[in-house]
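1. Output the structure for:
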Amino acid sequence: MAADLAAVAKRKKITYFLISFVDLFGVLRAKLVPARAIADMQRDGAGFAGFAAWLDMTPAHPDMFGLPDPDSLIQLPWKPEVGWLAADLHMDGKPVEASPRIALKRQLAAAAARGYRLKTGVECEYFLIDPDGAQISDARDIQDKPCYDQQALMRRYDVIAEICDAMIAIGWRPYQNDHEDANGQFEMNWHYDDALKTADRHTFFKFMTKSIAEKHGLRATFMPKPFASLTGNGCHCHASLWNKGGSRNLFADAKGALGNSALAYQFLGGVLHSAPALCAVFNPTVNSYKRINAPATLSGASWAPNTVTYGGNNRTHMVRIPDPGRFEFRLMDGATNPYLMPAALLAAGLDGIAGGRDPGKRLDIDMYAEGARARGRGKLPLNLLDALRAFRKSAILRAGLGSELVDSFVKLKTAEWNDYHTTLSAWERAHTLDC
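-> Predicted coordinates for the structure are as follows:
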């Protein structure tokens with residue numbers, strides 16, 4: 001039975017709850033609810049106007065209610081009197097079809113009906129920047145190859161340690177933190193888990209990182225490419241399918257290529273087949289396409305893909321096989337929706353299993369230096385508009401995520417593209433003012 005949140009509040013001395021949801025653009029929305037009212041909210045939900053978020057609704061729509069999931073409760077380590085709750089959106093007593101968390105839960109149910117359980121882990125990269133966003137926060141972080149730079153890492157020890165300590169306190173089992181490939185960029189890793197739990201934690205991690213950075217007078221950004229000359233923010237996803245009970249990894253097979261089963265490669269084949277359409281979800285902003293398809297950065301490599309390929313333990317490919325029993329999908333960036341990303345990945349992977357899709361031969365080449373050898377392999381979209389067109393046409397993702405969600409996402413994101421496209425840039429004026 002679901003935990004009684006009112007009783008939990010008394011036991012844990014929680015005085016307020018954040019009842020939260022993520023909209024189609026990945027924006028975290030919330031109501032702040034006093035503990036004295038949480039019993040009513042647990043029964044009826046917190047009320048929202050859907051038009052006020054990116055959910056393709058109008059002011060004429062009825063109230064939307066966020067029903068908190070007690071299993072998602074996280075007590076804010078830096079403000080323990082507040083509890084955070086992920087909510088499922090309902091309207092007129094029915095789930096909101098275009099809600100990202102609802103979409104993920106439905107995909108997980110579809111997988112469970114086939115005897116599968118998705119487990120995921122994410123690698124969330126972010127920059128610590130000045131509050132105005134103009135530059136990185138550490139003026140001494142200037143190496144051409146700053147990855148793993150101990151001095152730069154330790155200059156941000158207070159922020160990194162507070163975030164890591166928070167993850168330890170709430171039981172996420174974090175295991176490493178590092179300075180990443182770009183100046184001012186960091187990554188923090190915690191243990192993988194069931195996909196819904198990881199998605200909730202991914203959502204909370206972004207909120208927590210931004211909040212703790214602000215405590216220290218800094219700003220954290222997960223923007224895909226905040227600085228043109230530096231490596232962008234990826235959000236690599238490690239994924240595996242398990243049996244329904246979660247005791248056996250169905251991707252693992254000691255007799256298979258690189259320790260992976262035929263089922264695993266069919267899943268991979270489905271993801272590769274739908275890669276251009278998946279870009280709309282994995283790379284959902286105009287800025288995303290300055291990270292993928294990018295030239296080498298100051299460090300010497302973009303660390304992002306531009307071609308639909310997979311390899312062994314080789315980071316130059318869209319998909320890497322670092323160990324038996326899992327794949328690392330490297331296409332996703334920091335703007336990806338924490339719920340839509342695994343939902344779309346699973347939809348494509350299940351299609352691959354159902355259709356017995358062949359991922360083709362593994363390429364054991366350096367894609368940055370030898371990419372011309374990847375003949376016949378698909379290229380990724382060059383911009384958001386191309387990705388949205390592929391997403392709209394994808395019968396596979398439409399069947400998995402639902403037409404209402406796909407159409408709403410495409411409608412809202414196309415409007416965003418049009419807004420961008422009508423904006424004049426400094427580059428345009430510099431190169432065409434005198435034409």
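2. switch to C-alpha atoms for all contacts and neighbour counts from now on
-> Will do.
3. and Pro359, that one's in a helix?
-> No: assessed with DSSP: H, G, I helix; E, B strand; the rest coil, Pro359 is coil; it does not lie in a helix.
4. Count the residues that sit near the nearest residue to it once chain neighbours are set aside.
-> The shortest distance from Pro359 to any residue other than its chain neighbours is 3.9 Å, reached at Gly269 (Cα to Cα, 6 or more residues apart in numbering). Using other Cα atoms under 10 Å, Gly269 is surrounded by 25 other residues.
5. Give me the next element, helix or strand, following the helix or strand containing Gly270.
-> Using DSSP states H and E, Gly270 sits in helix 262-273. Toward the C-terminal end, the helix or strand that comes next after helix 262-273 (DSSP H and E) is helix 275-282.
6. Tell me the strands beside the helix or strand following that next one, with direction?
-> Later in the chain than helix 275-282, the nearest helix or strand by DSSP H and E is strand 310-311. Paired with strand 310-311 in the same sheet, following DSSP bridges, are strand 319-320 (parallel).
7. Tell me the helix or strand right after the partner strand.
-> strand 327-329.
8. State the distance from Arg11 to Ser425.
-> Arg11 sits 55 Å away from Ser425, going by Cα to Cα, to the nearest Å.
9. what does Pro131 give?
-> Taken as Cα to Cα, the span from Pro131 to Ser425 is 23 Å.
10. what about the two, which has more around it?
-> Neighbours per residue (other Cα under 10 Å) separate Pro131 from Ser425, with Pro131 holding more: 15 against 10.
11. SS state for the more buried one?
-> Pro131 - assigned by three-state DSSP - is coil.
12. Hmm, it is touching His216, no?
-> No: using Cα atoms under 8 Å, Pro131 is not in contact with His216, being 10.4 Å away.
13. Do a quick rundown of the helices in the stretch 301-435 of the chain.
-> Counting by DSSP state H, counting those that start in this stretch, the stretch 301-435 of the chain has helices at residues 340-355, 367-370, 384-393, 395-401, 403-421, 426-432.
14. Need the mean per-residue confidence for the first one.
-> If I follow you right, that is helix 340-355. For helix 340-355, the mean pLDDT works out to 98.
15. same question, the second one
-> Here helix 367-370 scores 93 as its mean pLDDT.
16. and stretch 170-183, which residues are buried?
-> Across stretch 170-183, burial judged by 16 or more other Cα atoms under 10 Å covers 172, 174, 177-183.
17. Convert that stretch to CSV, retaining C-alpha atoms only.
-> The C-alpha trace of stretch 170-183 is given here as CSV (Å, rounded to 0.1, in the frame of the first residue of the first chain):
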residue,chain,number,x,y,z
ILE,A,170,19.3,9.8,0.2
GLY,A,171,20.6,6.4,-0.7
TRP,A,172,21.6,6.8,-4.4
ARG,A,173,25.0,5.1,-4.0
PRO,A,174,27.1,7.6,-5.9
TYR,A,175,30.5,6.3,-6.8
GLN,A,176,32.6,8.9,-8.6
ASN,A,177,32.8,12.6,-9.5
ASP,A,178,35.1,14.2,-12.0
HIS,A,179,36.1,17.3,-13.9
GLU,A,180,34.9,16.6,-17.5
ASP,A,181,36.4,17.4,-20.9
ALA,A,182,35.4,21.0,-21.0
ASN,A,183,36.7,23.8,-18.8
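18. Quick one: distance of it to the chain centre.
-> Computed by Cα atoms, centre = their mean, to the nearest Å, the chain-centroid distance of stretch 170-183 equals 16 Å.
19. next one: stretch 124-137
-> Distance of stretch 124-137 from the chain centroid (Cα atoms, centre = their mean) equals 19 Å.
20. Quick check: buried residues in it?
-> 124-130, 136-137.
21. Please produce CSV containing these, extended by distance to Ile160, secondary structure and pLDDT.
-> Below are these laid out as CSV (distance: Cα to Cα, whole Å; DSSP: H, G, I helix; E, B strand; the rest coil; pLDDT from 0 to 100):
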residue, distance to Ile160, secondary structure, pLDDT
Cys124, 13, strand, 98
Glu125, 12, strand, 98
Tyr126, 11, strand, 98
Phe127, 12, strand, 98
Leu128, 10, strand, 98
Ile129, 14, strand, 98
Asp130, 16, coil, 97
Ile136, 15, strand, 98
Ser137, 14, coil, 97
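22. I'd like to know which of those residues is nearest to Arg248.
-> Cys124 (26.5 Å; Cα to Cα).
23. For the closest one, give me its contacts.
-> By Cα atoms under 8 Å, 6 or more residues apart in numbering, the contact set of Cys124 is 187-189, 202, 222, 233-236, 334.
24. Next, check these against the strands and list the overlap.
-> In strands, defined here by DSSP state E, the members of the contacts of Cys124 are 187-189, 235-236.
25. how about these in CSV, adding distance to Tyr339 and neighbour count?
-> Output for the ones in strands among the contacts of Cys124, formatted as CSV (distance: Cα to Cα, whole Å; neighbours: other Cα atoms under 10 Å):
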residue, distance to Tyr339, neighbour count
Glu187, 20, 19
Met188, 19, 21
Asn189, 18, 19
Cys235, 13, 27
His236, 14, 21
